[in-house]
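Asks: Structure, please.
(one chain, ligands or ions: 1)
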Amino acid sequence: MTSSPAEAGAAIRLAGLRRRFATGTVALDDVSLAVAPGEIFGIVGRSGAGKSTLIRTVNLLERPDSGTVEVLGQDMLALDDAGLRAARRGIGMVFQHFNLLSSRTVAANIAFPLEVAGLPRAERERRVAELLPLVGLAEKRDNYPAQLSGGQKQRVGIARALASRPRVLLCDEATSALDPETTADILRLIRDLRDRLDLTVLLITHEMAVVKAICDRVAVMEAGRVIEQGRVFDVFTRPQAATTRAFVAEVIGHAVPPGTVARLPEPGPGEARRLLQVLFAGPSSTRSVVSEASRRFDLDLNIVSGRIDEIGGEPFGIMALAAYGPAERIEAATGWMRGLGLDVTPLSPEAMATVQEAA
Ligand SMILES: Nc1ncnc2c1ncn2[C@@H]1O[C@H](COP(=O)(O)OP(=O)(O)OP(=O)(O)O)[C@@H](O)[C@H]1O
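Replies: Just a heads-up that it's a prediction; the model follows:
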């Protein structure tokens, strides 16, 4: 998997970024990625993986020790203070905890960056009047943050980020403080704004469900490195790294009732029993793959569970198989299915239960 689609004319291009804190922690260890104009690009990783440090290098809230940061064709590290201030107006940022000023109304919070930039009052008011309906807050103009729900506060945060008409939007765990339903609303809003305003969006999250919901491409970070990146559909259907598999399983790990696993027949004499999770692109071909594998390798392959899901309208399937037969023939069948492009992962009964709980 490569980042090649974005290489030419990228909206954001980060190359060879390193950042080591005085404590000795290496938060970024040779990170490179390119985000195409109009793309929603997700960076996913566990706590401490380096996501915040990475997103903060894009607008130079964090300066890398080495590497290059290019946004909209501009070399950010070459700018003087005035140049950097101007460049930052082209890069909006949305925060996890909204960072609203409690003593200001919704309208005054949204206008704040314009005030800092020295825009006359009339222009600020005109811009706020445009932004309020765009984020669905036309009725809340004169409310204070304390009178708003979490989702409404984040809408204010988004409107404020868009006030200076940026072309790039950075979202730092923008939905992590919200409940699932509100998260879905805010993600829809971000996607809608991307479409309407032709924005490029870089977001960080620890939730693969966020990536699945709105991202076009994703990079998975671990210990300061990007360990895998690609189209979201490809990463979900053919995850490579163990960490990516674990992330993917959190979202699409499907329910195999523990009782079902417990009731599976024991293998016969000289037979092995293996539980396999199979991920595949497209809804239709699996059943024939399973029956062909069964014939070719003379195995008993039972579909324990299965379902079809989709990402960006593209369908994919997830299936749990119980395979019975000589261990080496099960291995051979697994290899054969992988050769056809299916992602096959052995599951222990315990793993099946874990996957089910996480789903
Ligand atoms: N200012 C700092 N000084 C020292 N170490 C830091 C600093 N900021 C971050 N780190 C460390 O760098 C590593 C990466 O942190 P970062 O916040 O970028 O990760 P993250 O993936 O965003 O995690 P989280 O979701 O918990 O914020 C962590 O080990 C963190 O403790």
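
Asks: and residue 290, that's in a helix?
Replies: Yes - judged by DSSP: H, G, I helix; E, B strand; the rest coil, residue 290 forms part of a helix.

Asks: gap between it and the ligand?
Replies: Applying Cβ to the nearest ligand atom, to the nearest Å, the value for residue 290 to the ligand is 39 Å. (Glycine included, C-beta is placed from N, CA and C.)

Asks: Just list the residues touching that residue, thanks.
Replies: By Cβ atoms under 8 Å, 6 or more residues apart in numbering, the contact list for residue 290 reads 301, 303, 319, 321.

Asks: Would you agree residue 140 is in contact with residue 153?
Replies: No - at 10.1 Å, residue 140 and residue 153 do not qualify as touching, with contact defined as Cβ atoms under 8 Å.

Asks: out of the two, which sits in the more crowded spot?
Replies: It is residue 153, of residue 140 and residue 153, that has more neighbours when counted by other Cβ atoms under 10 Å, with 21 against 18.

Asks: how near is that one to the ligand?
Replies: 20 Å.

Asks: One more: residue 26?
Replies: Applying Cβ to the nearest ligand atom to residue 26 and the ligand gives a distance of 8 Å.

Asks: where does that residue land on pLDDT?
Replies: For residue 26, the pLDDT comes out at 97.

Asks: I figured it hits residue 48, correct?
Replies: No - here residue 26 lies out of contact with residue 48, judged by Cβ under 8 Å, at a distance of 11.2 Å.

Asks: residues contacting residue 268?
Replies: residue 324.

Asks: Looking at per-residue confidence, what score does it get?
Replies: Value listed for residue 268 in the pLDDT field: 89.

Asks: cool, and residue 255?
Replies: Note on residue 255: pLDDT of 57.

Asks: what's the answer for residue 161, then?
Replies: In this model, residue 161 is scored at 98, pLDDT.

Asks: got a list of what it touches?
Replies: 92-94, 169.

Asks: switch the cut-off to 6 Å
Replies: Applying Cβ atoms under 6 Å, 6 or more residues apart in numbering, we find residue 161 in contact with 92-94.

Asks: element containing the closest residue in space to it that isn't next to it in sequence, please.
Replies: Nearest non-adjacent residue to residue 161, counting by Cβ to Cβ, 6 or more residues apart in numbering: residue 92, 3.3 Å away. Taking DSSP states H and E as the criterion, the element that holds residue 92 is strand 91-95.

Asks: quick one on the thing from earlier: neighbour count and pLDDT added to the contacts of residue 290, as CSV?
Replies: Listed next are the contacts of residue 290 as CSV, based on neighbours: other Cβ atoms under 10 Å; pLDDT from 0 to 100:
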residue, neighbour count, pLDDT
301, 22, 94
303, 13, 88
319, 22, 87
321, 26, 91
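
Asks: ok, how many other residues are close to residue 152?
Replies: By other Cβ under 10 Å, the residues close to residue 152 number 19.

Asks: Where does it sit: helix, strand or coil?
Replies: Under the three-state scheme (three-state DSSP), residue 152 adopts helix.

Asks: go on, residue 103?
Replies: Of the three states, residue 103 takes coil under three-state DSSP.

Asks: Got phi/psi on it?
Replies: phi -90, psi 0 (degrees, to the nearest 10).

Asks: Nearest spatial neighbour of it, chain-adjacent residues omitted?
Replies: residue 144 (7.7 Å).

Asks: Next, the one you found: phi, psi?
Replies: Backbone torsions of residue 144, given as degrees, to the nearest 10, read phi -100, psi 160.

Asks: got the contact list for the spatially most central residue of the chain?
Replies: Nearest to the geometric centre of the chain sits residue 211, at 2.7 Å (Cα atoms, centre = their mean). Neighbour list for residue 211: 42, 44, 218, 232 [criterion: Cβ under 6 Å, 6+ apart].

Asks: Quick check: the two most widely separated of those residues?
Replies: Within the contacts of residue 211, 44 and 232 form the most distant pair, 10.0 Å apart (Cβ to Cβ).

Asks: if I look at those two, which residues touch both of them?
Replies: Shared contacts of residue 44 and residue 232, counting by Cβ under 6 Å, 6+ apart, come down to 211, 218.

Asks: Which of those two has more residues huddled nearby?
Replies: residue 44 (26 against 22).

Asks: distance of that one from residue 70?
Replies: 23 Å (Cβ to Cβ, to the nearest Å).

Asks: go on, residue 12?
Replies: 7 Å.

Asks: higher neighbour count, these two?
Replies: When neighbours are counted by other Cβ under 10 Å, residue 12 comes out ahead of the other of residue 12 and residue 70, with 24 against 18.

Asks: nearest residue to that one other than its sequence neighbours?
Replies: Per Cβ to Cβ, 6+ apart, closest to residue 12 is residue 35, 4.1 Å.

Asks: for residue 69, same thing?
Replies: Using Cβ to Cβ, 6+ apart, the nearest residue to residue 69 is residue 76, at 4.3 Å.

Asks: Check residue 67 too.
Replies: Residue 67 sits nearest to residue 17 (Cβ to Cβ, 6+ apart), 3.6 Å away.

Asks: Ok, residue 311 next?
Replies: Closest to residue 311 by Cβ to Cβ, 6+ apart is residue 233, at 4.9 Å.

Asks: and that neighbour, that one's in a strand?
Replies: No - counting by three-state DSSP, residue 233 is not found in a strand; it is helix.
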